[in-house]
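K.L.:
attaching a predicted model along with its sequence, questions to come.
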Amino acid sequence: MKNSIRKFQNALSDAERQVLQLCLQEAMQALPEDAVPWYLGDAASPTGYLKPEHAKVLLSLRQDWLTEPQGLRWDTPEKTPASRSLALAKLAAELSDLGHVTGWRNEKFSYWPDTTILANGHPIEPTDKLAAAFEMERAAYRFFGLRAHAVHVNGFTEDGYMWCGRRSMAKATDPGMLDNMAAGGLTVGESLQSCGVREMAEEAGLSEALALSAVAQGQVTTCRAVPRGWHYETLWVYNLLMPADVKPVNQDGEVAEFSLLSPQQVVQAIAAKHMTVDAACVLAHAVLHACGLQEVVQDGTVVQRAL
């Protein structure tokens, strides 16, 4: 696997590597100055971040959302994950009916507070052994500015090329843009591995045996303001060596087509903003970190050096 990624990397010019480095440097954008943090119960750290207009909507709909100097607090009487999830399900459905939440998926994500999901500032792998604070419809995550988790799979060939999918024009987010070979959100009850296997089957038509050979390669977290709220997601990166006689074939209608691209074509697509931000970050992470490189700061600038 590393040989394929190294071939991809070695084919790039310094300027093309800089495009990938910029992806990672821009992955974590600063919160807008007017972002409103909100807190669950007596939590000391923010649970999520709201647009000011979203905060006003919540205050108008519920009496247990309270204004405090530091933001909003959901002063809920619900003390169990199940009861919180039920209350939030009703709220999310109401927000959807009012047009504040769009793209309803009937899929739920688990929410883990940073105190549970971080170790020394770094995300730890979410499993069913970690106690989630609540579950919520994934379409509402951006409205509430919650950290989500997703699995992204880079499909490399032996000669260092990459399989990329083009998102269906029917997708609610980033229609028609290039994406990783397979990617999807971590839904309630899934492990990272089972999520990846499912997405590779649905989006690329890959067998379970092939999907299970994907190699985990850490994670990258992205956050940015979007029209529907605040996008905040930890992307768990996997790399898969695609056999020469296997081509990805979409099964669920979410991918319009697949293309086998050279390293230069991939970087050109990133530079032209033809690839999703998350997919570009995942690719950059794979290429710049899989081959024994690390980021260091020299004179205030992030650079790459060999380990």
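P.N.:
Perfect, I can see it now. Residues are numbered from 1 along each chain as shown.
K.L.:
in stretch 1-8, which residues are buried?
P.N.:
Within stretch 1-8, the residues that qualify as buried by neighbour count (16 or more other Cβ atoms under 10 Å) are 1, 4-5, 7-8. To be clear about C-beta, it is placed using only N, CA and C from the backbone, and glycine gets the same treatment.
K.L.:
should've said stretch 240-254
P.N.:
For stretch 240-254, burial by neighbour count (16+ other Cβ under 10 Å) applies to 240-242, 248, 250, 254.
K.L.:
list the contacts of it.
P.N.:
Contacts of stretch 240-254 with the rest of the structure, by Cβ atoms under 8 Å, 6 or more residues apart in numbering, involve 1, 4, 153-158, 163, 165, 167-168, 170-171, 181-182, 200-206, 210-211, 213-215, 255-258.
K.L.:
pretty sure Leu261 is touching Ala269, no?
P.N.:
Yes. Contact status for Leu261 versus Ala269: in contact at 7.3 Å, counting by Cβ atoms under 8 Å.
K.L.:
between those two, which contacts overlap?
P.N.:
Cys164.
K.L.:
off-centre distance for whichever helix or strand His285 is part of?
P.N.:
When elements are defined using DSSP states H and E, His285 is found to belong to helix 277-289. With Cα atoms, centre = their mean, to the nearest Å as the basis, helix 277-289 stands 12 Å off its chain's centre.
K.L.:
skipping its backbone neighbours, what lies nearest Ala35 in space?
P.N.:
If you skip the residues right next to it in sequence, Ala35 has Tyr49 as its closest partner in space, 4.6 Å away by Cβ to Cβ, 6 or more residues apart in numbering.
K.L.:
what helix or strand is Gly165 on?
P.N.:
Applying DSSP H and E as the criterion places Gly165 in strand 162-167.
K.L.:
give me the contacts around that strand.
P.N.:
When contacts are taken as Cβ under 8 Å, 6+ apart, the neighbours of strand 162-167 outside the stretch itself are 8, 154-157, 174-182, 203-204, 242, 247-248, 250, 254-261, 263, 266, 269, 275-276, 279, 283.
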